[in-house]
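# need the 3D shape of this:
(chains A and B)
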Amino acid sequence: MTQLPKQTAKKLGLVIDLDTCVGCHACVISCKGWNTENYGAPLSDQNAYGADPSGTFLNRVHSYEVQPEQGTAQLIHFPKSCLHCEDAPCVTVCPTGASYKRVEDGIVLVNEKDCIGCSLCAWACPYGARELDAKEGVMKKCTLCVDRIYNENLPEEDREPACVRTCPAGARHFGDLGDPDSDVSLLVAARGGFDLMPEQGTKPVNKYLPPRPKDVMPEFNVLAPFLEPVATTGTGFAHWLDKTLSALPGGSK
Amino acid sequence: MHPAPSVIIFTTFSGLGFGLLFWLGIGAITPVGWMAFIWFTIAYLAAVGGLLASTFHLGRPERAIKAFKQWQTSWLSREGICAVATLLVMAVYGAGLVFFGTALPLLGWIGALGALATIFTTSMIYAQLKTVPRWRHWTTPVMFLTLSIGGGALLAGQVTEAVVLLVLAGALQIYAWVTGDTRLARSGTDMASATGLGHIGTVRAFEPPHTGTNYLMREFIHVVGRKHAATLRVIALVFGFVLPVVFLLLPFSHIWGAMAVVSHILGVLALRWLFFAQAEHVVGLYYGKR
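Numbering: from 1, shown residues only, chains lettered A, B, ... in the order given. Model prediction:
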């Protein structure tokens, strides 16, 4: 059924630290690697070695330049995958019931056997979290590695999403955001985690941690008081050249 | 939004077909025998042809039958059910006219209401999307309904009704364009809210996630289709509304009537191209585009 559950027992999701992410795309690769050979249809590529390569990815890393009013611009790497929204618009629009949100943990999944590839769920998602696979004709999306997190065949430390497991910077965290005492919830509270496009009313489970404010280094030298003041009047060839050039019409003073 | 030919053909011709079924259903014209057969064939070719075209944009068209299940939440499902129910009811009504020369008014009215419901549910597939602020507005369903009923009246030879409805549709379309052009900007969704980085400064897309293109950019960011938007708007208005009304107001002849229909269809095709090409999906903001 494409009706959303009133509430879910858990709210499993990711917390992504924009302060720590270095933009290495390792999460993109590990995601594609795991998910192309596990849950559901493979993630196909088209013209992978040609002039115009394209393919299905469940996780992509954007990079943004943010220019503050004062100071230098910051470059912020921005991984984006399904946010497993509480009020997921992609689920309710599905005509076949292929898209659903799990009552037990809140993960949004696609039953690919029922998907007709109408793309309406991708239209309804403001985040671009769903991609229609060009080869299989079914909708692909992040499963939160549902086939890893409960998988007792894997060592315990591997029972988390592939992107989290692989992140070399520790910028990705996985846990129950419905439990206020969980590590991820405490992290979100401590760092002021935020929602993407809150005005869309989707209530995303995944949270983003803002970049920490940049340190401002004052221009200060401990030796400054002991140094001779810089000469304002000069001598020698450089001084003569400076004066002569400044005297020319249009010369800089 | 990618203006897929299958979806443009679907909305244009299904709209006209169900519009014609509406006028047939309410008994505006009650042809019998062969004449009824011709009228209903035209209506069904347009309506069913459009619906079939819409399945071409499915990734898995062979599973289309599954789309009737989720009527409780999905407008697409509701549309499918309304369309099939209307076509079945009107088939019985049409059979009465073709084979027995009798109109069953109650059945006709049920079919006419079904035709309206089909057009409305189609429009709500688009109007429900918060992600496309231009579409999420009362003008979307009202435009779809006015255009379909107006086009149906034109096909059914209901001259006065067609003139009134086409003039109304043209005026509504201008209103929808003028107000729609700024609706994304007024929606409150921008790069700052998309990234949550607006508190630091001005956000600019520095580097996309990949060197090539992807499904999202092909489906939702369609800049090329907007290149001739202003010209296409004029063409759509002239062909869709102005010329048909002029043709209808001329002393009646079947040639002018046919010209009005052809012109109207061309205009609506242009209009639907713009409807999709100019739809600005908020996901484009992540790519620094609209």
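
# from now on I want contacts and neighbour counts done on CA atoms only, so please keep to that.
Will do.

# how close does B:Leu266 sit to B:Pro244?
11 Å (C-alpha to C-alpha, to the nearest Å).

# and those two? Which one has more around it.
Neighbours were tallied for B:Leu266 and for B:Pro244 using other C-alpha atoms under 10 Å in any protein chain shown; the higher tally belongs to B:Pro244 (28 against 16).

# which one is that one nearest to, not counting chain neighbours?
The shortest distance from B:Pro244 to any residue that is not its chain neighbour, by C-alpha to C-alpha, 6 or more residues apart in numbering or on different chains, is 4.1 Å, and that residue is B:Ala260.

# list the contacts for the single nearest residue of the stretch 151-290 of chain B relative to chain A?
When distances are taken as C-alpha to the nearest C-alpha, the stretch 151-290 of chain B approaches chain A most closely through B:Gly201, which lies 4.0 Å from it. If you count contacts by C-alpha atoms under 8 Å, 6 or more residues apart in numbering or on different chains, B:Gly201 has them with A:66-69.

# how about the residue nearest the centre of chain A, nearest residue that isn't a chain neighbour?
For chain A, the residue sitting closest to the mean C-alpha position, by C-alpha atoms, centre = their mean, is A:Pro79 at 2.0 Å. Closest residue to A:Pro79 apart from its sequence neighbours, by C-alpha to C-alpha, 6+ apart: A:Val61 at 4.0 Å.

# which SS class is the one you found?
For A:Val61, the secondary-structure state derived from DSSP: H, G, I helix; E, B strand; the rest coil is strand.

# how close does it get to A:Cys163?
Here the distance between A:Val61 and A:Cys163 works out to 12 Å (C-alpha to C-alpha).

# between those two, which contacts overlap?
Jointly contacting A:Val61 and A:Cys163 under the rule C-alpha under 8 Å, 6+ apart are A:Val28.

# which of these two has more residues huddled nearby?
Counting neighbours by other C-alpha under 10 Å for A:Val61 and for A:Cys163 shows that A:Cys163 has the greater number, 25 against 21.

# secondary structure element holding the more buried one?
Under the criterion DSSP states H and E, the helix or strand holding A:Cys163 is helix A:162-166.

# just B:Ala260 next, same as before
Assignment of secondary structure by DSSP H and E places B:Ala260 within helix B:254-277.

# same thing with A:Pro5?
In this structure, A:Pro5 is located outside every helix and strand according to DSSP H and E.

# helix, strand or coil: sort out the closest residue in space to it that isn't next to it in sequence for me.
In space, A:Pro5 comes closest to A:Val103 once its chain neighbours are excluded; the distance is 6.0 Å by C-alpha to C-alpha, 6+ apart. Put simply, A:Val103 is coil when judged by three-state DSSP.

# now do the contacts for A:Val103.
A:Val103 makes contact with A:5, A:7-9 under the criterion C-alpha under 8 Å, 6+ apart.

# residue 236: neighbouring residues, count only.
By default, I'm working from chain A. 7.

# wrong chain, I was asking about chain B
Here the neighbour count serves as a burial measure; for B:Ala236 (other C-alpha under 10 Å) it reads 26.

# ok, A:Gln7 next?
By other C-alpha under 10 Å, 14 other residues sit near A:Gln7.

# follow-up on the earlier one: and the contacts of B:Gly201, which are buried?
The neighbour count (16 or more other C-alpha atoms under 10 Å in any protein chain shown) marks A:66-67 as buried among the contacts of B:Gly201.

# identify the bridge partners of B:Glu207.
Beta-bridge pairing of B:Glu207 under DSSP bridges involves A:Ser63.

# surely it and A:Tyr64 touch.
Yes. Using C-alpha atoms under 8 Å, B:Glu207 is in contact with A:Tyr64, at 6.7 Å.

# those two: which is more packed in?
Higher neighbour count among B:Glu207 and A:Tyr64: A:Tyr64, with 25 against 16, using other C-alpha under 10 Å.

# what about the helices in the chain?
Here I'm looking at chain A. Here chain A has its helices, by DSSP state H, at A:26-35, A:89-92, A:120-124, A:146-149, A:162-166, A:183-191, A:236-247.

# ah, I was thinking of chain B
According to DSSP H, the helices that chain B contains are B:5-9, B:15-25, B:33-55, B:75-95, B:105-127, B:139-155, B:159-180, B:183-186, B:191-195, B:215-220, B:229-237, B:243-249, B:254-277.

# contact partners of the shortest one?
Contacts with helix B:183-186, where a contact means C-alpha under 8 Å, 6+ apart, come from B:132-134, B:280, B:282.

# how about the residues of the stretch 151-290 of chain B near chain A?
B:188-189, B:193-197, B:200-210, B:212-216, B:220, B:281-283, B:286 (C-alpha under 8 Å from any C-alpha of the partner chain).

# present the contacts of helix B:183-186 as TSV; the columns should include distance to A:Met217, neighbour count and pLDDT.
Conversion of those to TSV gives the following (distance: C-alpha to C-alpha, whole Å; neighbours: other C-alpha atoms under 10 Å in any protein chain shown; pLDDT from 0 to 100):
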residue	distance to A:Met217	neighbour count	pLDDT
B:Val132	44	24	96
B:Pro133	44	24	96
B:Arg134	46	27	95
B:Glu280	43	25	92
B:Val282	38	29	95
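
# widest-spaced pair of those?
Farthest-apart pair in the contacts of helix B:183-186 is B:Arg134 and B:Val282; separation 10.5 Å (C-alpha to C-alpha).
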